[in-house]
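**Q** pasted the sequence and its predicted model underneath.
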Amino acid sequence: MSMKAIDKTVIRIRAEDARAAALWTLPIVQSKHVVALQEKPVAVVQEAEEELLGDEYPGAKLTLAELEKIREDAYQEGLQQGRDEGLQQGLEEGRVAGHKEGLEKAQLEIDQKAQLLSELQQQLDFPLKQLDADVERLIVDMVLELSQALLSVELQERTEVVTKAVEEAVALLPQTSGEIKILANSADLATLEPLLKLNERWSLVEDNAIAHGGCKVTSGYGLIDNTVERRFAAAADQLKQALAQSSHDSDDHD
């Protein structure tokens, strides 16, 4: 068999025609069935990737505006929560501080009013105490005057009073007193004369300056005043001292 001769003619391609030529890659063949690969458009590939990501990650479908809104909402929510907590804390602290301040102010007002009340009470007590003292003195004077009047009546009826007054006065003298003179009202001399019979060194001296029922006894050792006026004055002093002590004790208890 004869072989054909090889055509060695060179075919030339112009440069402008060469620009339109695209590089073709030999497909990979793994089996007897050969399928040529065809490159899909870029838009189709991106759409497929977005669908795949959207199924696995729902947040991947959010837009930039939506993400910004989520961030802003979270910021505002945190800011509001901080404000609320700060307000609550401020209100609590303010309530405690206000309560303390109110108590201190109220206590100060109470102390001031108590001081004022105490001063007013003292101002009122002073006239009352003065009035009590005046009434007390008046009562004492009335009691003494009434007692003196009753005593005068009793002395008129009880002549033995002057005899007892002389015996009490003589008992205060020493035993060796020597001569004793008894000064008494003229109305009492007759009552006292029996005493002279029992005591030779005694003598009676009339002295109408001495009230009925009283006497004065003199000796070489001095004078014993046992007049009614002196005895009544001593009893009145004892009464006044007792009343003064009672009033003092009452003030201490107040």
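**A** Cool, got the structure.
**Q** now Ala209, what's its secondary structure?
**A** coil (DSSP: H, G, I helix; E, B strand; the rest coil).
**Q** same question, the one 3 residues further on
**A** Secondary structure of His212, reduced to three states by three-state DSSP: coil.
**Q** can you give me the buried ones in the helix or strand hosting Val170?
**A** In the assignment (DSSP states H and E), Val170 maps to helix 160-171. By neighbour count with 16 or more other Cβ atoms under 10 Å, helix 160-171 contains the buried residues Val161, Val162, Thr163, Ala165, Val166, Ala169, Val170. For glycine as for every other residue, the C-beta is placed from the backbone atoms N, C-alpha and C.
**Q** now do that helix: which elements does it pack against?
**A** helix 64-157, strand 180-184, helix 186-198, strand 215-219, strand 222-226 (3 or more Cβ pairs under 8 Å, 6 or more residues apart in numbering; DSSP states H and E).
**Q** mind running it again at 7 Å?
**A** strand 180-184, helix 186-198, strand 215-219, strand 222-226 (3 or more Cβ pairs under 7 Å, 6 or more residues apart in numbering; DSSP states H and E).
**Q** quick one: least confident of the buried residues of helix 160-171?
**A** Lowest pLDDT of the buried residues of helix 160-171: Val161, 85.
**Q** and that one, how far from Gly213?
**A** Separation of Val161 from Gly213 (Cβ to Cβ, to the nearest Å): 5 Å.
**Q** next, count neighbours for the nearest residue to Asn199 once chain neighbours are set aside.
**A** Nearest non-adjacent residue to Asn199, counting by Cβ to Cβ, 6 or more residues apart in numbering: Ile180, 7.4 Å away. Burial of Ile180 is recorded as 19 neighbouring residues (other Cβ atoms under 10 Å).
**Q** and Ile180, how far from Phe232?
**A** 24 Å.
**Q** does the residue nearest to Thr218 when sequence neighbours are not counted have beta-bridge partners, and which?
**A** Sequence neighbours aside, Lys181 is the residue nearest to Thr218 in space, at 4.8 Å (criterion: Cβ to Cβ, 6+ apart). For Lys181, the beta-bridge partners under DSSP bridges are Ser203, Thr218.
**Q** before we move on, the earlier item: now for the buried residues of helix 160-171: which two are most distant?
**A** Val161 and Val170 (15.4 Å; Cβ to Cβ).
**Q** can you tell me which of the helices and strands packed on helix 160-171 comes nearest to Lys105?
**A** Taking the helices and strands packed on helix 160-171 one by one with Cβ to Cβ, strand 222-226 is closest: 71.0 Å.
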